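> next comes the sequence, and after it the predicted model I'd like to discuss.
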Amino acid sequence: MTDTIANRAAKATPQKVARKIKGLSDRAIAWIFVAPTIFLLLAINIFPLIWTIQLSFTNYKANRLNREPEFIGLRNYERILTDSDIWLNMQATAHFLFWTIALQVLIGFTLAWLINKKFKGNDLWTTIIVLPMMLSPAVVGNFWKFLYQPQIGLFNYIVAFFTGKDPSSFEMLGSVQLAPWSIVIVDTWMWTPFVMLICLAGLRSIPDYIYEAAEVDRASKLRQFFTITIPMVLPFLMLAVLFRGIENFKMFDLVVQLTGGGPGSTTELTSINLKREAFEKWRTGYASAYAIILFVTVFGLASIYVKALNKVKER
Amino acid sequence: MKKMTSAAVGAALMTSVSLPTMAMAEDLTLCWAAWDPANALVELSKEFEAQSGHSMNFEFIPWPNFADRMLNELNSGGKLCDLLIGDSQWIGGGAENGHYVKLNDFFDAEGISMDDFAPATVYAYSTWPKGTPNYYALPAMGDANGWFYRKDWFADADIQAAYKEATGEDLREPQSQREMLQIAQFFQGREIDGKTVYGASIFTERGSEGITMGVTSALYPWGFKYENTPGSYDMEGAVNSAEAVEALEFYKEFYETATPPGYTNSYMGESLDAFKSGQVAMAMNWFAFFPGLYADPNTGGDKIDFFVNPPQNQAGSTLGGQGISVVAYSDKQDAALEYIKWFANPEVQAKWWELGGYSAHNSVLNDPGFKDSAPFAGDFLDAMGAVQDFWQEPAYAELLLAMQKRIHDYVVADQGTAQEALDKLIEDWTEVFEDEGKL
């Protein structure tokens, strides 16, 4: 008998265990190995999801344990979908998502393209650029709050230096017009390096011989960029967009630290609003319906996006 | 500062406080917010430890997270706290949801009378349903929203002359809300000692309760009422009355014309910072902070003075403060009740005031020397005579967050009108009371 890994594993199996396993089919053994994972998945993912769906049809409040929850049908869903304030939260979230992703992709790809050029100190610059994403969002939120402070904040002074305005004449966090942009700026500062790293991986995966062949065919640099670089990096870029989209849809910590959802409700993203409903107002049934609506939205959009991503990969 | 001598109080404590001999010493945990009076309570509680043999642990949570953290603890039936000094608005939920132990029998058995405490504090901190003799807490810390100002700036001859020239009036402690705004606007952007200063720091915080506590300091003096008839939940015409609209517009004008730039989300901490850093002429904050402010080496002492929230159509101050309750989920309720009995003792209450806590006990408040025992003591008495509190319903968090949103949307985010903000607030509150089955 040849000394394969399977044979060595069989020899190493204690006799008692071997006897017990002997009567089991391969399928049964596979189930034994997979069962713990399936159990955990059911316990911490599927069961809570089903329970949340059930709660979403009730007026249950988790802080009123002595009150029986009543079945109220689709009332919670109807309330949420007809509440103009919730749609404002959705708009704030959409604004945040669109601009953070657009800026991060644009700046991230540009940085990756520059870093991909061989130059002295390349590694050092890469390390410096990725530093922001290593910080805690709570810390980032707090120190940007100081940077945005109208009287002593560095950000206001820099803007004032270039525009000639009085630094305390504008409030990044206190103005309805500027606050949505202030959170976009901070998130872009923090997470552009992540997009850059993914793009860098894409750029470095393009074999040199493709460019060499293009050079032989006398393709211009611009042509090479649009016909080789962009198409080959596109799956990576799309993956970065997916990651950032999912992350920013559930953005909470950074924005709470920066604005607390204000001024008014200008930067109250859906996740902040959901947390208030669920754990400050304790409207558990209502918040469950809200969570289900958000889940369906993200799941639906992500499914469509993943299909598009797969098509791009197949090309 | 406070004229009641500690030696006399200490001697009285040793002789008059008698606690039953305990069979078993317990480790008690008292939960409260992390602020100046909490440190005073730690000091005060050492007497209890020495006398009872129990040891005291303290869980102090920063104010912005206090409600979240403690209400989660209560809702989950947690055993972290044996004693809780909870906000006055929690009393309804604490009672109806069974979080707090009802104290009537205990008070009767131990001879603790609620008549010994200031009526406003008993009403606000202890009773549920409101005003009924059902007690779930002992008044622990009287408090209200008040004001403090730069006495040295107000006394400066040049500034006084400039004020007189600008307004035709004398610069003095404001006697009305409108006069306060006028003074704040006078100081706004003024150069003092080579530095630009601002009018006043007011509460504008969005996340927890800040802007509601601030705006009610304007609403109450204008005559704001939550209901037309108490207990009826009939809010139309009360919450959005002409006076309420005027008061809300006043608060917005105050925010826009007399506060430092960037104070769009400020509460207790920011108010203290603004004053201590010499940025503002006046600031609002809870009386609880006043002993610390008076003791501040840079802006305290001769440079500071205090005044009660000025009246407009009537006197009115926003109630702060808390009662101390025994948590129903505690396994050490006997020892916790022992602490409450000790705390209710007049001598302990006297020492509580002496250390920086605000006693609500009549023996302290009615003491002839009380008014002169601290520069803010008289103002505190005035404030407590005209306090009003927010809803104390079990659904208070929903009611509070609705108000936070509507007021912040109008005052800070400049959306809509005051009338619209209050109309929407009634809609929100009506929905909450309908859900609660009260409408």
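Noted; the coordinates are in hand.
> residue in chain B nearest to chain A?
Using CB to the nearest CB, the single residue of chain B nearest to chain A is B:Ala413, 2.7 Å away. Where you see a C-beta, it was placed from the backbone N, CA and C, and this is true even at glycine.
> per-residue confidence for that residue?
Per-residue confidence (pLDDT) for B:Ala413: 94.
> what about B:Pro62, distance to B:Trp32?
11 Å (CB to CB, to the nearest Å).
> actually B:Glu236, sorry about that
In this view, B:Glu236 and B:Trp32 are 38 Å apart by CB to CB.
> where does the chain have low pLDDT?
All of this refers to chain A. Applying pLDDT under 70 to chain A flags residues A:1-6, A:9-10, A:16-22.
> my bad, the chain I had in mind was chain B
Segments of chain B classed as low confidence (criterion: pLDDT under 70) are B:1-23.
> and it, which residues reach chain A?
Counting by CB under 8 Å from any CB of the partner chain, the residues of chain B lying close to chain A are B:68, B:71-72, B:75, B:93, B:96-98, B:205-207, B:260-265, B:394, B:397-398, B:401, B:405, B:408-410, B:412-415, B:435.
> just those: which are in helices?
Among the residues of chain B next to chain A, DSSP state H puts B:68, B:71-72, B:75, B:93, B:96, B:397-398, B:401, B:405, B:408-410, B:435 in helices.
> which one's more surrounded, B:Glu236 and B:Trp32?
A count of neighbours by other CB atoms under 10 Å in any protein chain shown puts B:Trp32 above the other of B:Glu236 and B:Trp32, at 24 against 12.
> hmm, B:Tyr125 and B:Ala360 touching each other?
Yes: the criterion here is CB atoms under 8 Å, and B:Ala360 meets it with B:Tyr125 at 7.5 Å.
> so the residue in chain A that chain B sits nearest to, which of the three states?
Evaluated by CB to the nearest CB, chain A has A:Gly264 as its residue closest to chain B, separated by 2.7 Å. Three-state call for A:Gly264 (DSSP: H, G, I helix; E, B strand; the rest coil): coil.
> that one reaches B:Asp409, doesn't it?
Yes: counting by CB under 8 Å, B:Asp409 is a contact partner of A:Gly264 at 3.8 Å.
> without its sequence neighbours, what residue ends up closest to B:Lys195?
With sequence-adjacent residues excluded and distances taken as CB to CB, 6 or more residues apart in numbering or on different chains, B:Lys195 is closest to B:Gly278, at 6.7 Å.
> look at the one you found and give its secondary structure.
Here B:Gly278 is coil, with the state taken from three-state DSSP.
> could you do the one 4 residues further on as well?
For B:Met282, the secondary-structure state derived from three-state DSSP is strand.
> cool, A:Asn45 as well?
A:Asn45 ends up helix, using three-state DSSP.
> what about A:Asn76, how many residues nearby?
Around A:Asn76 there are 24 residues (other CB under 10 Å).
> excluding its backbone neighbours, what's nearest it?
Nearest to A:Asn76 is A:Ala289, by CB to CB, 6+ apart, at 3.6 Å.
> list the buried ones in the helix or strand harbouring B:Phe186?
Using DSSP states H and E, B:Phe186 sits in helix B:177-187. For helix B:177-187, the neighbour count (16 or more other CB atoms under 10 Å in any protein chain shown) marks B:177, B:179-187 as buried.
> give me the nearest residue to B:Ala386, chain neighbours excluded.
Counting by CB to CB, 6+ apart, B:Ala315 is the residue found nearest to B:Ala386 once chain neighbours are left out, at 3.9 Å.
> separation between the one you found and A:Trp189?
Per CB to CB, B:Ala315 is found 50 Å from A:Trp189.
> and A:Pro167, by the same measure?
A:Pro167 is 20 Å from A:Trp189, by CB to CB.
> more neighbours: those two, which one.
Between A:Pro167 and A:Trp189, counting by other CB under 10 Å, A:Pro167 is the more crowded of the two (20 against 17).
> ok, for B:Glu169, nearest residue in space, not its chain neighbours?
In this structure, B:Glu169 finds its nearest non-sequential neighbour in B:Tyr163, 7.3 Å apart by CB to CB, 6+ apart.
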